[in-house]
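Engineer: I need the structure of the sequence given here:
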Amino acid sequence: MSVKIDERLKHIAFIMDGNGRWAQKRGMPRYYGHKYGAKKFREILEYCLDIGVLVTTVYAFSTENWTRPKKEVDAIMKILDSYLDECYDKKDGYDVHYRFVGDMSLFDGYEGGESIIRRMNELDSLTFSKTRTINIAVNYGGRDEIVNAVNRLISEGYSKVTKDDLASHMYTAPYPDPDLIIRTGGDLRVSNFLLWQCAYSEFYFTSTLWPDLTTEEVDKAIEEFYSRKRRYGGV
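Structural biologist: Purely as a prediction, here's the structure:
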């Protein structure tokens, strides 16, 4: 039985770590892990929608991931391309706003990247009025996001900025910061993910590799979230 979501938990984010290690443990090339990880990605997103999460954000491809072997990068791009097709097919049947957050400029230099950018923008526009949101972070880096926000503010003529000004120029704006961030794979770090937005997020770390994550463990993370007292620096 799934957990019950209330207004305290509006936004869950996932650091989907462990695809390559999952494949290697089974004697398969790393890029096979991304294929199985993509199936888990769909399952977990569907589950978050089913239990009533308003905003879900996933760390799909970081700015550092371009340094991985070309075959692995190509496999990830092929999965992204296939997922875009799937989103188009489902867009009318789901109450979901698909957003792709990150620096899209580097896709221009990748074969097929222009088509990927165009379809990501079209999906965002076509689903804009939906009530629930999925942020898919691609070519994303938290430090780059902050630099981008500052440069946008400068270009708009700001000489002095506030925290609210910066927040409103983050890729994830205008949606609320994540209440809960779940990281799979066993590492205990944020890996340049949502550095601004995670200031008061609750974290749940698990050694479970991403393709092995279950909805039951998502429930466990949510239950643990509800057991914590969020003080936001107060008593």
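Engineer: now do the SS call for the one residue sitting closest to the centre of the chain.
Structural biologist: By C-alpha atoms, centre = their mean, the chain has its centre lying nearest to residue 58, at 1.8 Å. Under DSSP: H, G, I helix; E, B strand; the rest coil, residue 58 falls in the strand class.
Engineer: list the contacts for it?
Structural biologist: 13, 14, 16, 41, 45, 134, 135, 136, 137 (C-beta atoms under 8 Å, 6 or more residues apart in numbering). Glycine gets a C-beta too; all of them are placed from N, C-alpha and C.
Engineer: pick the one among those closest to residue 182.
Structural biologist: Relative to residue 182, the closest of those is residue 14; by C-beta to C-beta it sits at 5.2 Å.
Engineer: so the closest one versus residue 57, what's the distance?
Structural biologist: Separation of residue 14 from residue 57 (C-beta to C-beta, to the nearest Å): 7 Å.
Engineer: how about residue 127?
Structural biologist: 16 Å.
Engineer: between these two, point out the one with more neighbours.
Structural biologist: residue 57 (27 against 22; other C-beta atoms under 10 Å).
Engineer: in the chain, which spans are strands?
Structural biologist: 11-15, 55-62, 96-101, 132-140, 180-183, 202-205 (DSSP state E).
Engineer: what are the pairing partners of the fifth one, and which direction each?
Structural biologist: Read that as strand 180-183. strand 11-15 (parallel), strand 202-205 (parallel) (DSSP bridges).
Engineer: pull the CA coordinates from that strand and hand them back as CSV.
Structural biologist: Output in CSV follows, covering the C-alpha atoms of strand 180-183 (Å, rounded to 0.1, in the frame of the first residue of the first chain):
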residue,chain,number,x,y,z
LEU,A,180,12.8,15.5,-0.3
ILE,A,181,15.9,14.4,-2.4
ILE,A,182,16.4,10.7,-2.8
ARG,A,183,19.8,9.5,-4.0
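Engineer: determine how far it lies from the middle of the whole chain.
Structural biologist: Remark: strand 180-183 is offset 10 Å from the chain centroid, using C-alpha atoms, centre = their mean, to the nearest Å.
Engineer: looking at the chain, which helix or strand does the model trust least?
Structural biologist: helix 70-90 (a mean of 87; mean pLDDT, DSSP states H and E).
Engineer: tell me how far the nearest residue to residue 81 once chain neighbours are set aside lies from residue 31.
Structural biologist: Using C-beta to C-beta, 6 or more residues apart in numbering and skipping the chain neighbours, the partner closest in space to residue 81 is residue 116 (6.4 Å). With the distance defined as C-beta to C-beta, residue 116 ends up 18 Å from residue 31.
Engineer: now residue 153
Structural biologist: Distance from residue 153 to residue 31, by C-beta to C-beta: 39 Å.
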